[in-house]
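Student: Fold the following, please.
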Amino acid sequence: MSNKIHTAGGGVAMPGLNHTAGLGVAMPDEIHIAGIIVATIRSHSESVRTALAILPGAIIHTSAEDGRMVVTLETMSAPATLDCMDAIRALPGVFNVALVYQHAESAAAMEELIS
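Tutor: Residues are numbered from 1 along each chain as shown. Predicted coordinates:
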């Protein structure tokens, strides 16, 4: 069973992510940011990169020639982060997804200006 949700526009949405940010829809109470390492089989690295590029809330920061990628995920809850990690793990060619760091904070605090 896949955690992917195919949208009407043909894109792929992931559960627990705010796909309506900026569209006048209520924002989440919390924001969860997770740093993960995605390890892929070299021959599948490009297809995994393509899948991650369309995953809302995911950013690939760097990748290595051996198929490892440093990725951040931004979700609305810890369970949503785990759902996204499971969906990434289920992609063809992915053999490991490791959580390196996770931070949660209220959405209001994330909007405050730092002086």
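
Student: can you count the residues close to Ile114?
Tutor: 3 (other C-beta atoms under 10 Å). Backbone N, C-alpha and C define where each C-beta goes, glycine included.

Student: I figured Ser77 hits Ala34, correct?
Tutor: No. Under the criterion of C-beta atoms under 8 Å, Ser77 is not in contact with Ala34, lying 11.1 Å apart.

Student: which one of those two has more residues nearby?
Tutor: Ala34 (23 against 16).

Student: That one bridge partners, please.
Tutor: Beta bridges link Ala34 to Leu73, Gln102, judged by DSSP bridges.

Student: Spell out which residues sit in contact with it, please.
Tutor: Ala34 sits next to 72-73, 75, 81, 85, 99, 101-103 when contact means C-beta atoms under 8 Å, 6 or more residues apart in numbering.

Student: Kindly report the same for Glu65.
Tutor: Arg42.

Student: That one belongs to a helix, doesn't it?
Tutor: No. Under DSSP: H, G, I helix; E, B strand; the rest coil, Glu65 sits outside any helix and is assigned coil.

Student: So what does it look like in phi/psi?
Tutor: Glu65 adopts backbone torsions of phi -60, psi -20, taken as degrees, to the nearest 10.

Student: Okay, it and Ala107: tell me how far apart.
Tutor: For Glu65, the distance to Ala107 equals 38 Å [C-beta to C-beta, to the nearest Å].
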